[in-house]
Every structure is written in C-alpha cells, then in structure tokens.
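In: Fold the following, please.
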Amino acid sequence: MGFMENWKALQKYSANAAERFLTIYLNTEPTANTQPEWKLHLKNGFKKLAEYTEAGDERRHLDSLLALQSKVEERVENSRNDMKKGLIIVADSSGGLFFCEKVQIGLSNAFYYEAEPRLEELHAITSKCPAAGIVQLSSDSVTIIDSLLCEINNEYYFEWDIVNDEWRERPSQSTSDLKSTVNKQREDYKERWEVDQARWVKRLTPIIERMAREKQWEEIILSGEKAAASHVKEALHTTTPIHIVPKNLNNMKSREVLQEAYAVLQS
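Out: Sure, this is the predicted structure:
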C-alpha cells in the first residue's frame, strides 16, 4: 500500500488493540559524516526508552519493547541506502501494527513507548503537505503533478487532439508528433479550434476527477490562464477542495511549481 492507504489504516487502528505503542520520529537527513548520525540517534533513543521502561512500573513491557527494537533495526538496516530526510515508525506490542514511512521532510528526533501512539506530528505534517494534484493549464496542453508530503510522486502530460476532439496523454513534456499535426490542423481550421478551446474543459474534468479518486488527493490546485482555471474549477464535480494559484506557473520547473502550489495551501 502507498502512504495514504497506510496513514488512513493507522488512524483507524484501535488504541485498545495493544498495551503499548512505539512511535519514532527520526531525522535521517544525510550528513558529511561517514557514519550516519541517525544510526546513533536510533540507538540512543531505544536505550533511553529501555531505561525508562525498566526503571518504572513499566518493567513488564520491556520484553515487548526489545522485540520491537529488533524489528525496527532490521527494517531500517534493509532501507539504509534509500533514506530520505525523515523516518516515521508506529508499531504496537501485539505485532498487529507496523507503520514505517520515509518522508522528504526534516524531523526532530522523538521516541515514545506509551499506551497510545503519538500522532500529533504526523497529523501536522499531512496537514501542511497533503496529497495534492497540481494542474497546469495552457490552451492545448495540461501537466498534472501528483504530489504528497511536499514531494513529487509523478507527472502526467496531456495535449489536445483537435482531430479526434479529445485529450491524449503523452509520455513526456517534449513536443510530440501529435502536436505538430495539431498545429497544422489549427492553421487549416482556426474557427473549429476556437470552438474546441471552449469545449476542452468538458473533456478535461473527467480526467482530473478520476485521478483525484485514484491518487486520493486531499487538495486540487489549478494554475495557468485565469479564465481557463476558473472554468475548470466550476466544471469539476468533486468534494475535494479546489484552489487557484494567482499566477501562471507554466514556465517554471516542477520543483518551483510544487513550492508555489503548497504556498497557496498554507496562505
């Protein structure tokens, strides 16, 4: 499952399913050191949890903590070569839950072994950087960025086929043979193109709605020519909140588009 499926399952997981929950927020951002700093932070974090558990009334939970430590260390070791900036782990003493996600967001190191999972920071992260579809509109092409946690998952490119009256997905942002054909058709059928330009919204909105469902977007962000963005917003039939970026992002790099789009959500 992807992050959104795992996150929704975690929120539904009953706190009564186990006696103790391990929650870890670990900063795994790369450093210049040969030995990653996060390895030491992970070791020290578990050491402090074990000392606290053994010293207090929680001694009976020590064995389950040590078992979870072994499981976590094994999972982290297997992932050490593809770490991002942060790692979030939530697991329970019963073995029924093991949420482990790498995120491209810096985290403060924190370790908990308590009666309930500590999800406050995870809630804050997903609220700040929700799953979003960023739709860049132009007169005859559309780029859609699928994003989550301030990171680009994928990019999709579409262009208007004036011959067949439909949007066609293409594999890259580069100009295709179809676009050359469309340009020639536009020269020959200028009046028809103007009609198509008024209709392309009707063909585009089902694509956006389908992707919103499949990608589980929590926000849709539109950019491009202001009138076109307004028409698309009005035509979309979805419960997902829709926003319009107050400027055209079509000439920006994808990373810059992402930053501008999330800035709209946080404004």
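In: so residue 101 touches residue 2, yeah?
Out: No. Residue 101 is beyond contact range of residue 2, at 9.6 Å (criterion: Cβ atoms under 8 Å). Any C-beta I mention is one placed from the backbone N, CA and C, and that applies to glycine too.
In: who's more crowded, these two?
Out: Counting neighbours by other Cβ atoms under 10 Å for residue 101 and for residue 2 shows that residue 101 has the greater number, 17 against 12.
In: residues touching the more buried one, list them.
Out: By Cβ atoms under 8 Å, 6 or more residues apart in numbering, the residues touching residue 101 are 3, 6, 7, 87, 88.
In: Let me know the helix or strand that it is in.
Out: strand 98-103 (DSSP states H and E).
In: Buried residues, that strand. List them.
Out: Neighbour counts over strand 98-103 (16 or more other Cβ atoms under 10 Å) mark 99, 100, 101, 102, 103 as buried.
In: Serialize those to CSV and add fields for pLDDT.
Out: Formatted as CSV, the buried residues of strand 98-103 follow (pLDDT from 0 to 100):
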residue, pLDDT
99, 97
100, 96
101, 95
102, 94
103, 93
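In: Can you tell me which of those residues is closest to residue 204?
Out: Taking Cβ to Cβ as the measure, residue 204 lies nearest residue 103 of the buried residues of strand 98-103, at 31.3 Å.
In: Can you give me the pLDDT of the residue lying closest to that closest one once chain neighbours are set aside?
Out: What sits nearest to residue 103 in space, not counting adjacent residues and going by Cβ to Cβ, 6 or more residues apart in numbering, is residue 86, at 4.6 Å. On pLDDT, residue 86 comes in at 94.
In: And residue 192, by the same measure?
Out: 58.
In: Poorly predicted segments of this protein, please.
Out: 1, 32-34, 173-197 (pLDDT under 70).
In: which residues in it form helices?
Out: Along the chain, counting by DSSP state H, helices occupy 3-12, 37-55, 62-78, 120-128, 177-188, 190-215, 226-235, 254-266.
In: Could I get the buried residue list for the second one?
Out: The one in question is helix 37-55. For helix 37-55, by 16+ other Cβ under 10 Å, it's 38, 39, 41, 42, 45, 46, 49, 53.
In: for those residues, which one is nearest residue 266?
Out: Looking across those and measuring by Cβ to Cβ, the closest to residue 266 is residue 38, at 27.4 Å.
In: Hmm, that closest one is touching residue 26, no?
Out: Yes. Using Cβ under 8 Å, residue 38 is in contact with residue 26, at 5.7 Å.
In: Give me the common contacts of the two.
Out: What both residue 38 and residue 26 touch, as defined by Cβ under 8 Å, 6+ apart, is the set residue 87.
In: angle of the strand holding residue 101 against helix 120-128?
Out: If you take axes from the mean of the first three to the mean of the last three Cα atoms, to 10 degrees, strand 98-103 sits at 50 degrees to helix 120-128.
In: Each with direction, which strands does strand 98-103 pair with?
Out: Paired with strand 98-103 in the same sheet, following DSSP bridges, are strand 86-92 (antiparallel).
In: Can you give me the domain boundaries for this protein?
Out: 3-127, 129-266 (automatic domain parsing).
In: next one: the last one to chain centre, how far?
Out: The chain centre lies 18 Å from the centre of domain 129-266; the measure is Cα atoms, centre = their mean, to the nearest Å.
In: Stretch 49-69 now?
Out: 34 Å.
In: Quick check: bridge partners of the residue nearest to residue 103?
Out: residue 27, residue 103.
In: Quick check: it vs residue 100, distance?
Out: The gap separating residue 86 from residue 100 is 12 Å, by Cβ to Cβ, to the nearest Å.
In: now swap in residue 74 and tell me
Out: 11 Å.
In: Equivalent analysis for residue 239, please.
Out: The value you get for residue 239 to residue 100, if Cβ to Cβ is used, is 30 Å.
In: ditto for residue 147
Out: 21 Å.
In: which of the buried residues of helix 37-55 lies closest to residue 20?
Out: After measuring these against residue 20 - Cβ to Cβ - the closest member comes out as residue 53, at 8.8 Å.
In: Please consider this matter closed, and thank you.
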